[in-house]
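**Q** Give me the fold of what follows.
(4 chains, ligands or ions: 4)
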Amino acid sequence: MATVPMDVRKVARCREIAAEIADDVQGYIDAHTTVGVERTILRAYGAEGVDDQGVPLVNLAVDRYREAGLLGRGIATYVGRALLGGATTLQDAAERVAFSPELDRGEGGPGVDAVREALRPHTEAALARIDKARNEREALKRRIAPGPTPQKYVIVATGNIYDDAVQAKAAAAAGADIVAVIRATAQSLLDYVPHGPTTEGYGGTFATQDNFRIIRRAVDEASEECGRYIQQTNYSSGLCMAEIAWMAAVERLDMLLNDAMYGILFRDINMCRTFVDQYVSRRFVARAGIVINTGEDNYLTTADAVEKAHTVLSSQFINEAFARRAGLREGQMGLGHAYEIDPWLEDSFLLEIAQAQLVRQIFDRHPIKWMPPTKHKTGDIFFAHVHDAMFDLVGVTTKQSIELLGMFSEAIQNPLLMDRYLALKATRYVFGAARHLGEEIQFKPDGIVARRAVQVLDEALALLEEVRRDTIWEAIAHGAFADVKRTRTGGKGYAGVLERDPDYCNPLLAALEKTS
Amino acid sequence: MATVPMDVRKVARCREIAAEIADDVQGYIDAHTTVGVERTILRAYGAEGVDDQGVPLVNLAVDRYREAGLLGRGIATYVGRALLGGATTLQDAAERVAFSPELDRGEGGPGVDAVREALRPHTEAALARIDKARNEREALKRRIAPGPTPQKYVIVATGNIYDDAVQAKAAAAAGADIVAVIRATAQSLLDYVPHGPTTEGYGGTFATQDNFRIIRRAVDEASEECGRYIQQTNYSSGLCMAEIAWMAAVERLDMLLNDAMYGILFRDINMCRTFVDQYVSRRFVARAGIVINTGEDNYLTTADAVEKAHTVLSSQFINEAFARRAGLREGQMGLGHAYEIDPWLEDSFLLEIAQAQLVRQIFDRHPIKWMPPTKHKTGDIFFAHVHDAMFDLVGVTTKQSIELLGMFSEAIQNPLLMDRYLALKATRYVFGAARHLGEEIQFKPDGIVARRAVQVLDEALALLEEVRRDTIWEAIAHGAFADVKRTRTGGKGYAGVLERDPDYCNPLLAALEKTS
Amino acid sequence: MHPTSPAKPLRAYGDREGDGMVQLSFVLQLPPSARAREAAKRFAEAHGIEEPIVATMEAAAEGFAFFVVYGHSKHAVDAASIDVPEVRTEALSREDIEHRIKTRLGRKIVVVGACTGSDAHTVGIDAILNYKGYAGDKGLESYKGFEAYNLGAQVENDQLAARARALKADAILVSQVITQRNCHKENGRALVELLEREGWRKDVIVLFGGPRVDHKLGLELGFDAGFGPGTKPSDVASYLVEQLCSRPASVP
Amino acid sequence: MHPTSPAKPLRAYGDREGDGMVQLSFVLQLPPSARAREAAKRFAEAHGIEEPIVATMEAAAEGFAFFVVYGHSKHAVDAASIDVPEVRTEALSREDIEHRIKTRLGRKIVVVGACTGSDAHTVGIDAILNYKGYAGDKGLESYKGFEAYNLGAQVENDQLAARARALKADAILVSQVITQRNCHKENGRALVELLEREGWRKDVIVLFGGPRVDHKLGLELGFDAGFGPGTKPSDVASYLVEQLCSRPASVP
Ligand code: B12
Ligand code: B12
Ligand SMILES: Cc1ncc(COP(=O)(O)O)c(C=O)c1O
Ligand SMILES: Cc1ncc(COP(=O)(O)O)c(C=O)c1O
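**A** Numbers count the residues shown, from 1 in each chain, chains lettered A, B, ... in the order given. Ligands and ions are numbered 1, 2, ... in the order given. From the prediction side, this is the model:
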């Protein structure tokens, strides 16, 4: 087996430190909520609909109470009180919260216990809805087995959900195991989730609940036709990461791009906001049995992949620690990393192998997500295709779990039908032709690969120690990850973060927290 | 180091058997000559020119004596006698041989010793001409060092020598180390060498002495411009293999495709003819310091590359034995093999590595020639490019010496400028990115790669034993190589084979034979 | 051929129906520069490619730039109206083939094949004729109902014709792999003309095959059929059976 | 521009001058068949590609065939007559740049840059502005003569304009990487219009950059210059110095 030296004590040490880093943040998370979290709870209880401007009911309700300075007690408080106050259904209660002439200032009337009691059947129904989707997935996967690992993950992104459905099926027919619909460029900064099936979007197609359903249907058909369970994924990221997580849970998505820090670093979303949102999103993800894909691959697009390789590893430990605190099992943690070293660097292939294998060994029970070269891609599609093939070879040799296929048109446009077909074909070749290469070879004990693996782990440990010393809030402010600096109160969406009142009420979240 | 198990006793045994196989043939060779050999001798003495039909003087002279049944004494006999009979120069003598009103029946007049004596200065001049070119090459290579191995070999083939020169320089600028001008489809069956610079040819450009010179000049310029010695190669193959070898020797080509059996198997040239011709061609090659490239790669285009891998290895032992008998040093023996396994076969990449590494280890002092996939190429140029990249990776990992770059347009046409550029670029990437991969890895002692290597050597040994038992004449008749069957007296050019007279005279060949 | 299907002009399909996306790559004899990039753009536009993106411009050699261009082709083809001759062969099983030859022809079908001219590529004709066959499908030699003669490569047309005549061949199979400057077409046409000159063209089925061959080309050159890449021996066997064994064998 | 060079129409160069060889690949919404192959051929011909060879036809998905076609393009471009604006920057050394700013301008050049709209790609603008720079060439921040403000990504045009005005910027640097449906052009043009509306367009140098940008596009959209792939910070510095420090600094 092609293993690299790995000092298990150092790994354990990294985990301990990451745990301390996450615990520090967890204290903050447990004392706060956000507009996104509260909207998610409303949605999960079944509230739906938009007003004539297209503003979702959940936004109207939550914004109303936030503006009134009342959201610290949790939107559930007001929904429960509306139910107790005579609302016939949960939807009715939500509408009263949003539109009732009088604001419920929460003074007098039923207390927290009564509210919880009133919500109990709805809380159970909300959980049941998630569980139903999960059970369906599991049953389907028992009937139609997924393809072997590395699983081939491709992206569709026409902007039009109906075209996306065509492309998704085409991709499955050409050999894809996982289909992602890329989101429109602007979506992650929207503080609401668009509604309905959408047919326009720059750089991708909006993530909406209807769109999830449309792709789910197409991909289920493809599973039947191909005799291989095809997985669907999307992004639980941005200002609505928790809402999208819930939508994905009930629409039976299989995976989600979901990272504890991506929004902070790459979308300039406020840290406090992101930390709280990621936690709640992951509570839903955990319950739904969805596999997350973290975004450490992105670090290597802004920072150098050789110099900053260890930042990926440190961040994976932190993402793991956060995920654990949200109840995710290791089998759900698709930690991300990438093949982003300058291809013209001598022995770059060896360095890539070292990192890929190290990550594989450290996170041996995790469905690792392996990302292709992007940054060094140019418009030379022929060269790019070869570059991707070498990436494929590392993927199969080091036994990555989920492999996002490189696209030779990466530097030009979202992939065309032809690009995906050719990527799938080339990958099928490399995976087959080198199927057992990983079992066949060993690395020289003190060679380039081995030394590199040792170095990256050492550096990751050192960085984790620094981050713990400074706290992650400060570390991010100093540019510890991705060469990007963000401040604690800067960035988008900070206004949507609220301290929880002492009588904060969120029975659904509490139920999810009990699960783990 | 990525080595495969190799039983040195078996290898030694293979060499012994191959020696016996070659010795058997060498007996035949030493007792025969051919029209091609005799023309070569005339050329080497400096005879040149064509008649008004374009028929070379050397053909006129040799054919005249062959038709008269007098060639068994060697054309040198008549040239020497013409000199002694008053010819003022060697050219004059050759012209007399070709055109003198009276045929010299060799009766009476000066005997063999006198002839040899008369030819001595010419023999020395012929050798000096070859040595001069060799010395020039060596001086040039000392001044301008060649690139590192695997050396990147590309083909140009416009049909027009002047365009070829442009392409050759372009290829060098794009990173090529070795440039081959592919010959026109029909040339190897021509029983004469065309004359002058040529501008028309199907599938390639004729190999003529002027064409050699034109490319040499272009490639020398490229060497200066690129600061890297660029090597030139062509084919010493077909009915004129010996003549071309001589032309290449004096025009300072660096390499030649030259195989003991290719013409038999792939051009249906008579065996007797080929065996004699290859020997003499290699005597010139040996003296000239040219590196030959043998053609075992071709076997895998007609036979299956998995089932018949061992035939390549057996044939390499035989080619080596023949080459040794012609005075070639191991450093001149570029034994050929190829990446021709069906890419869709599981673990095909492992089988390719096994064979490549085995050949590399067995022929460890030989400049092994590594040929790209061709047979399984289709018109999908994108896939083909990836297929070639995997081949490149095996090349650099197993440290092949000379690597002919795969072309993604292989199934379509002779390579275009763009195809070569892209091949060179991709290869540069793979060679650099995996520069030290071979030093880094080891193969599992009893794994797929190791077992395959053992199997191929075992099968090669068994085949060699069979060939020895049957003699190579019979073995070829049964289809031992390339799944092609040829009979001893069948095929083209048999009429050009002659038994040597007891007083056969060939002082130049004798001098070449003394060298080793 | 499909008279009912409406004429629907097809554009290239990149990501959405009708977007016309195509990829064009080429070399121009210009060093890379802003001017060369513009030249590449205009070159693409001349082909009817709209909004071309010059994805890359690289120095492929001194004085030569290599380009990859993407853009929206404005062209469309009306696929429904295209009438392409296709070899109409019902794929028969080995048993069917043997059975029909036996019962309807009552003797072996004699075929003579070669790769002609200076072309030395035997793999294709071997795949059709020799026992081993192609992709698991055994060659004509493997059928009891066929008598197959494979003359190999580099066979001149007159030799092939003479041999076929001597053997009273039912069919002549010509393979052409080298296609440089259309030499395959010339070689193919020359054989048909030779047979015509010799006056027995219509007494024999003549098949043309190779990687750049299709049925249409075969017909154009005067053959009875053309076979391209991926042809299986059983396709050829089925075709010949259909042509030669259409009626039950006339009782001798 | 090169009035002396004769107009020589350039064809694509495959293997020989004038052969016109190009490679075209595309997908048609047709399953592979003889008809589809013919459709691909005609599609290629519609582009002016003669003697097209359909090198491959593969099922890229149900009902979709992928094609690679080679052929001889009949089109030519007259490269000599193409007049492309190029940024005329004499590449200055770091010393020269610093020296000229000091001696001729006598104060720092203030630049404000951002990646605008919903575009979150900072790498390009960072490469130009930040200390680290690009491919070993340090960014404007590293010069004593520059005062560089990098507002990062997802910056709205009005924010950028306001900030630049507040800082009395000499130059505004706009990066646009997302180009889907030409949103980069819209975003770029909108900024220029905003500056015009605000009445200070001519008081500031406005530069446009990104992977799909060239000088020509920059000018078209109303910028002073456009910079494309591979731009180095020193190119931008040289350009700005040339624009702002053409005369010795007026003594205050
Ligand atoms: C194998 C091969 C060789 C072998 C041939 C061995 C042999 N005994 O056949 C060797 C190494 C000897 C060789 C040599 C050369 N080759 Co070569 N060779 C190839 C290669 C790699 C594969 C061809 C092949 O075997 N295909 C597999 C068979 C099964 O496919 P096929 O022929 O298409 O046959 C199928 C169908 O077309 C059909 N079919 C074919 N014939 C017929 C006939 C009938 C009647 C029917 C019904 C069906 C049928 O059925 C078959 C099964 O499906 C191709 C590149 C490629 N990947 O295609 C180059 C290629 C054909 N060769 C080429 C060239 C130029 C040469 C040389 C001239 C190069 C040189 N100058 O040295 C030499 C000289 C040979 C000569 N004079 O012909 C060029 C031809 C360029 C062109 N388009 O004209 C190619 C395309 C490579 C290239 N890009 O340069 N070659
Ligand atoms: C890195 C990257 C990212 C990173 C960005 C990190 C960051 N903070 O910048 C991350 C991972 C976050 C990302 C996300 C996305 N990306 Co992105 N990304 C890339 C990638 C791989 C490289 C871009 C890059 O950094 N190039 C290197 C820099 C140095 O080059 P450059 O920008 O061209 O800059 C140079 C010159 O152009 C010039 N220059 C640039 N700006 C300026 C300005 C001035 C004034 C001057 C003088 C010069 C100048 O100088 C620079 C140095 O020479 C490209 C693909 C590729 N290989 O090009 C895709 C790509 C740009 N991304 C794309 C997309 C669609 C997205 C997403 C929208 C995908 C999604 N739906 O999730 C998201 C969302 C981001 C958003 N809203 O913008 C598409 C854009 C398609 C298109 N043509 O519109 C691309 C082409 C990939 C693809 N094929 O899909 N991406
Ligand atoms: C975790 C995560 N979220 C989101 C994205 C990108 O999408 P957006 O910026 O639209 O949220 C990525 C990009 O790879 C990612 O890794
Ligand atoms: C030794 C040798 N000679 C010649 C050739 C091909 O050229 P030709 O058939 O024109 O002699 C090859 C082909 O690879 C070869 O290996």
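
**Q** Contacts only, for A:Ala173.
**A** A:Ala173 sits next to A:Ala222, A:Glu225, A:Cys226, D:Ala61, D:Glu62 when contact means Cβ atoms under 8 Å, 6 or more residues apart in numbering or on different chains. C-beta: built from backbone N, CA, C; applies to glycine.

**Q** Could you rerun that using 7 Å?
**A** With contact set as Cβ atoms under 7 Å, 6 or more residues apart in numbering or on different chains, A:Ala173 has these partners: A:Ala222, A:Cys226, D:Ala61, D:Glu62.

**Q** Same check on C:Ser73?
**A** Per Cβ under 7 Å, 6+ apart, neighbours of C:Ser73: C:Arg11, C:Ala12, C:Gly20, C:Val22, C:Gly48, C:Ile49, D:His47.

**Q** Which ones among those lie within helices?
**A** Among the contacts of C:Ser73, no member falls in helices (DSSP state H).

**Q** And the residue of the stretch 351-500 of chain A closest to chain C?
**A** Distances between the stretch 351-500 of chain A and chain C by Cβ to the nearest Cβ are smallest at A:Gly379, namely 3.0 Å.

**Q** what's the pLDDT at that residue?
**A** With respect to pLDDT, A:Gly379 has a value of 96.

**Q** from the contacts of A:Ala173, which single one is nearest ligand 3?
**A** Nearest to ligand 3 among these is A:Ala222, at 23.5 Å by Cβ to the nearest ligand atom.

**Q** And the helix or strand hosting the closest one, what's buried?
**A** In the assignment (DSSP states H and E), A:Ala222 maps to helix A:209-226. Residues A:209-216, A:218-220, A:222-223, A:226 are the ones in helix A:209-226 that count as buried (16 or more other Cβ atoms under 10 Å in any protein chain shown).

**Q** In the chain, spot the helix with the most residues.
**A** Just going to use chain A. Every helix in chain A considered (DSSP H), the longest is helix A:112-143.

**Q** wrong one, I was asking about chain C
**A** helix C:183-198.

**Q** Check whether the residue of the stretch 351-500 of chain A closest to chain C really touches C:Glu58, as I assumed.
**A** No. Contact criterion Cβ atoms under 7 Å: A:Gly379 and C:Glu58 do not qualify, at 9.0 Å.

**Q** These two: who's more crowded?
**A** Using other Cβ atoms under 10 Å in any protein chain shown as the criterion, A:Gly379 and C:Glu58 rank with A:Gly379 on top: 24 against 20.

**Q** Check the stretch 351-500 of chain A for the residue nearest ligand 3 and tell me.
**A** Closest point on the stretch 351-500 of chain A to ligand 3, by Cβ to the nearest ligand atom, is A:Met371, at 7.9 Å.

**Q** what sits against that residue?
**A** Counting by Cβ under 7 Å, 6+ apart, A:Met371 makes contact with A:Asp297, A:Gly336, A:His337, A:Ala338, A:Tyr339, A:Leu404.

**Q** Spatially nearest residue to the fifth one, not counting backbone neighbours?
**A** Of all residues not flanking A:Tyr339 in the chain, A:Phe391 sits nearest, at 4.2 Å (Cβ to Cβ, 6 or more residues apart in numbering or on different chains).

**Q** Do I have it right that that neighbour meets A:Gly406?
**A** Yes. At 5.5 Å, A:Phe391 and A:Gly406 qualify as touching, with contact defined as Cβ under 7 Å.

**Q** thinking again about what came up before, list the buried ones in the longest helix of chain C?
**A** Here helix C:183-198 shows C:Cys183, C:His184, C:Lys185, C:Asn187, C:Gly188, C:Arg189, C:Ala190, C:Leu191, C:Val192, C:Leu195 as buried, counting by 16+ other Cβ under 10 Å.

**Q** so who does residue 147 touch?
**A** Using chain A. A:Asp177, A:Arg228.

**Q** Let me rephrase: I mean chain C.
**A** C:Lys108, C:Val110.

**Q** Give the bridge partners for it, please.
**A** Taking DSSP bridges as the rule, C:Glu147 bridges to C:Val110.

**Q** if I look at it, how far off is ligand 1?
**A** In this view, C:Glu147 and ligand 1 are 16 Å apart by Cβ to the nearest ligand atom, to the nearest Å.

**Q** try A:Leu512
**A** Relative to ligand 1, and taking Cβ to the nearest ligand atom, A:Leu512 is found at 59 Å.

**Q** Okay, buried residues for the helix or strand hosting that residue please.
**A** Following DSSP H and E, one finds A:Leu512 within helix A:507-515. Neighbour-count burial for helix A:507-515, counted by 16+ other Cβ under 10 Å, picks out A:Pro507, A:Leu508, A:Leu509, A:Ala511, A:Leu512, A:Glu513.

**Q** Just list what that helix packs against, helices and strands only.
**A** helix A:35-44, helix A:112-143, helix A:271-288 (3 or more Cβ pairs under 7 Å, 6 or more residues apart in numbering or on different chains; DSSP states H and E).

**Q** tilt between that helix and helix A:35-44?
**A** Using axes from the mean of the first three to the mean of the last three Cα atoms, to 10 degrees, the inter-axis angle of helix A:507-515 relative to helix A:35-44 is 90 degrees.

**Q** Show me how far helix A:507-515 is from its chain's centre.
**A** 20 Å (Cα atoms, centre = their mean, to the nearest Å).

**Q** what about it, average pLDDT?
**A** Helix A:507-515 comes out at a mean pLDDT of 94.
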